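Undergrad: test case, fold it:
(one chain, ligands or ions: 1)
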Amino acid sequence: MRLKFTKMHGLGNDFVMVDGITQRVKLSPEKVRQIADRHTGIGCDQLLLVEAPRNPDVDFRYRIYNADGSEVENCGNGARCFARFVRDRRLTSKEHILVETAAGILELKVQEKDQVSVDMGAPVLEPSDVPFQADIQAESYPLEVDGETYNVGAVSMGNPHAVLLVDDVTKAPVDSLGAAIESHPRFPARVNVGFLQIEERGKARLRVFERGVGETRACGTGACAAMVSARLRGLVDDEVQITLPGGTLTIHWPGPGEPVTMTGPTASVYHGQIIL
Ligand SMILES: N[C@H](CCC[C@H](N)C(=O)O)C(=O)O
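TA: Below you'll find the predicted structure:
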C-alpha cells in the first residue's frame, strides 16, 4: 500500500496525518506501529486518519491512533492540526468545522496565524466514566503506587487523565511515575498522566506522560484535564495559560457542566509517501 501523508505538530506533539477520503487506507495496529517508529518508519506520537463523516450533520470523521497502535477517543493537539490539514488539502474551506471522533463531535474554529480553537466538550468527572475505580466522585483521590501514596485528579476529556500537582515540573519523575500510573489497575483503560505546577491563578506548567506513547512535548487533552482538575481544587481561575515543554496553550473552562475550550497553534512540516 502506497500512503500519502503530511507530517504536522501541535507544540511538538507530532502527527502523521492521512487523508482517507481521497485515498484508500487500510490500517492495522502493526501498520500504525510501523509508521510511528522513529527509526524504521516516519515517526510520530499519533497517526490521525481523516474519513468522510458517518453523521450527515458533521463535516468529517477522524480517527486517532497512538504510536503503540491503540485507537483512542480524543486528541486536542491533533484536533487543531486536523482542522488545518483539511483546509490545506482543500477538503473544506470552512472556518468552523464539525468533526466526529470516538469521543463525540468537536467544533473547531480556525483563526488567524495558524491558531485553532477547539470546543473540547464538558469534562467527565464521574469515576466510572473516566474510567477510574473509586467509590465516590472527588476533586482528587489517594492512589498507591509502589508503596507510596499520591493524590491524583481523575478527569476524562473523552480520554482518561490522571493529574498530579508538583512543586517543580522540571524535577517531576515523569518517566518512572508516569509509566507506573499509566498502567495502574485502578485505571482499567490505562491513563494519560499529567504533572502540573501552578505558578499563578492564570498560569501553570505541565508535563504529560501520554498513554500509549510516553512523555510528549505537549498534550492538548492533558492541558484541558489538568486545568479542570486544578479549577475543581480552587487553584486557578476560568482561563489558564498552560506551558508545556513544546509551548503554551490557552485553556478556558467556566465550571462543571460547561465545555472546555482550548486554543493553540498548528504547524505543517512536510508531505511524503510511504510504501507499506
Ligand atoms: N495519548 C492519548 C491520545 C493523544 C492525546 C494528546 N496527544 C492530545 O493532544 O490530547 C490517549 O491515549 O488518550
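
Undergrad: who are the packing partners of the host helix or strand of residue 16?
TA: Assigned by DSSP states H and E, residue 16 belongs to strand 13-19. Strand 13-19 sits against strand 2-10, strand 46-51, helix 76-88, with contacts defined as 3 or more C-beta pairs under 8 Å, 6 or more residues apart in numbering; DSSP states H and E. C-betas here are computed from N, CA, C, even on glycine.

Undergrad: which residues touch that strand?
TA: For strand 13-19, the external contacting residues (C-beta atoms under 8 Å, 6 or more residues apart in numbering) are 3-9, 25, 35-36, 42-50, 77-78, 81-82, 85, 89, 91, 216-220, 246, 269.

Undergrad: hmm, back to that, I'd like the helices and strands packed on strand 13-19 laid out as JSON lines, including mean pLDDT and mean neighbour count.
TA: Formatted as JSON lines, the helices and strands packed on strand 13-19 follow (pLDDT from 0 to 100; neighbours: other C-beta atoms under 10 Å):
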{"stretch": "strand 2-10", "mean pLDDT": "97", "mean neighbour count": "20"}
{"stretch": "strand 46-51", "mean pLDDT": "98", "mean neighbour count": "22"}
{"stretch": "helix 76-88", "mean pLDDT": "97", "mean neighbour count": "26"}
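
Undergrad: wait, which of the ones you listed is closest to the ligand?
TA: Smallest distance to the ligand across the helices and strands packed on strand 13-19 (C-beta to the nearest ligand atom): 3.5 Å, for helix 76-88.

Undergrad: tell me the domain boundaries of the chain?
TA: By the record's domain assignment, the chain is partitioned as 2-116+266-275, 127-258 (automatic domain parsing).

Undergrad: of those, which stretch is the most buried?
TA: Burial of those is given as mean neighbour count (mean count of other C-beta atoms under 10 Å); domain 127-258 ranks first at a mean of 20.

Undergrad: tell me if that domain is near the ligand.
TA: Yes - judged by C-beta under 6 Å from any ligand atom, domain 127-258 and the ligand are in contact via 159, 192, 210, 211, 212, 213, 216, 219, 220, 221, 222.

Undergrad: these in strands, which ones?
TA: Under the assignment DSSP state E, the residues of domain 127-258 next to the ligand contribute 192, 210, 216 to strands.

Undergrad: for the residues you listed, which one is nearest residue 142?
TA: Residue 142 has its nearest neighbour among those in residue 192, at 19.5 Å by C-beta to C-beta.

Undergrad: need the contact list for the closest one.
TA: Contacts for residue 192 (C-beta under 8 Å, 6+ apart) come out as 159-162, 182, 208-211, 219, 221-222, 225.

Undergrad: with pLDDT and distance to residue 142 added, can I get these in a markdown table?
TA: Formatted as a markdown table, these follow (pLDDT from 0 to 100; distance: C-beta to C-beta, whole Å):
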| residue | pLDDT | distance to residue 142 |
| --- | --- | --- |
| 159 | 98 | 23 |
| 160 | 98 | 18 |
| 161 | 98 | 17 |
| 162 | 98 | 12 |
| 182 | 98 | 18 |
| 208 | 98 | 21 |
| 209 | 98 | 20 |
| 210 | 98 | 24 |
| 211 | 98 | 21 |
| 219 | 98 | 24 |
| 221 | 98 | 24 |
| 222 | 98 | 21 |
| 225 | 98 | 19 |
